[in-house]
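[1] Model the following, please.
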Amino acid sequence: MSSQNTPDRKVPHRRLGTAGPEASVLSLGSWHTYDRMDFGDAVKMLRHAIDSGINLFDVAVYGIPGVHPPVFTDVLFSAMVRAAGVARDDYLLSTKLWLEGYPEQSMRDQLTNALFRVGADHADVAVLGDIRSDDLDLKVLAEDLAALEREGLLGCWGVNNWSATAIRTIREHALAAGSPGPQLAQLKYSPCRRSIPDGEPFEAVFAAGVSLQASDVLEGGILAGKSGDSRQIGRDPGDIRGRIQEAAKGLADLGRELDASPAQLCIAFTLTHPSTATVLFGSTSMRQLTDNIAALDVLERVGADRLRSLMEPFWADRDIVDPEGP
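    Prediction:
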């Protein structure tokens, strides 16, 4: 199956960390996404993403049985891949491994279940969820992940919204276990949430070879001009969402001046960080996908230095959120 829309440009690739694969600088997420789309439209969008050079897809198991309604976005993705005629070698699969039930629910069991649901025999990347417990044994966790890497079930791994100290600590344990350690840090990053990725503690993390995967770049759609009330969105470190809603108005005005959509400005901004390897976003339509890809043209036209300067007034978590991270 070929895309009905000829891509205007190819999305470039960058290496994840020092030992990860070459991944597209734009990556597609699955959180509450594909289960909100017409299946045929989703297949066409996936095919267009692949044809445009996007090769990294974040596809995870969401929802807790008996607690949250079941979500099948990852199962749908496996059907989308088949319907779009996409070979497994043509894309990178990134999954999530959750820490809430660990170690009772092992990394191996979680990964095996995630692969079963998505119809794959290995994950190229796994991103570890937030740390919510003070008694997490990072040494044992690093050893468990190293074993999965050795067996070929897992290509590499990263972390989601961890502190800089926790990342440095597990990296030391991973290196001792024969693993290259975390290759990416998935962090909230946008013109409004900058304190952690732009702070000094993470400078050292990035200098060690860990890449940044920018996530929640549109604040659940708020920075793209949506209310944020139509679906579940991420947590709000620093309790600054009100400030972000105000900033969205100024961002829209700037977009009109620069002949760019607010979403394009946000995506382009995250690509100005020197350690960004890929920007993660969810798309629910072909139009949204092509608009987001065009952020690459906006960055080229406006320039990184000028764009960072223009975004300075929208920095909402400055001196509010600890740059060290959670």
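
[2] T165: what's it in contact with?
    Going by Cβ atoms under 8 Å, 6 or more residues apart in numbering, T165 touches P201, E324. Quick note: C-beta positions are derived from backbone N, CA and C, even for glycine.

[3] Please give the element, helix or strand, for it.
    helix 164-176 (DSSP states H and E).

[4] any idea of the mean pLDDT in that helix?
    For helix 164-176, the mean per-residue pLDDT is 98.

[5] residues in contact with the nearest residue to T278 once chain neighbours are set aside?
    Closest residue to T278 apart from its sequence neighbours, by Cβ to Cβ, 6 or more residues apart in numbering: S27 at 4.6 Å. S27 makes contact with I54, L56, F57, D58, S94, Q213, T278, V279, L280, F281, according to Cβ under 8 Å, 6+ apart.

[6] Same list, those, but as TSV with secondary structure, neighbour count and pLDDT please.
    Shown next, in TSV, are the contacts of S27 (DSSP: H, G, I helix; E, B strand; the rest coil; neighbours: other Cβ atoms under 10 Å; pLDDT from 0 to 100):
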residue	secondary structure	neighbour count	pLDDT
I54	coil	27	98
L56	strand	27	98
F57	strand	27	98
D58	strand	26	97
S94	strand	30	98
Q213	strand	29	98
T278	strand	29	98
V279	strand	24	98
L280	strand	22	98
F281	strand	24	96
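
[7] of those, closest to I131?
    Of all these, I131 sits closest to Q213, with 17.1 Å by Cβ to Cβ.

[8] List the beta-bridge partners for the closest one.
    Q186, T278 (DSSP bridges).

[9] What separation do you get for it and V159?
    Per Cβ to Cβ, to the nearest Å, Q213 is found 10 Å from V159.

[10] what's the overlap in contacts for those two?
    Contact with both Q213 and V159 is made by residues V127, L184, A185, Q186, according to Cβ under 8 Å, 6+ apart.

[11] Just put the residues you listed in a markdown table and tack on pLDDT and neighbour count.
    Below are those laid out as a markdown table (pLDDT from 0 to 100; neighbours: other Cβ atoms under 10 Å):
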| residue | pLDDT | neighbour count |
| --- | --- | --- |
| V127 | 98 | 23 |
| L184 | 98 | 24 |
| A185 | 98 | 28 |
| Q186 | 98 | 26 |
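
[12] Distance to F202 added to these, as TSV?
    Shown next, in TSV, are the shared contacts of Q213 and V159 (distance: Cβ to Cβ, whole Å):
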residue	distance to F202
V127	16
L184	12
A185	7
Q186	12
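
[13] how about the helices in this protein?
    Under the criterion DSSP state H, the chain contains helices at 39-51, 73-84, 107-118, 138-151, 164-176, 200-207, 241-258, 262-270, 286-293, 295-302, 304-311.
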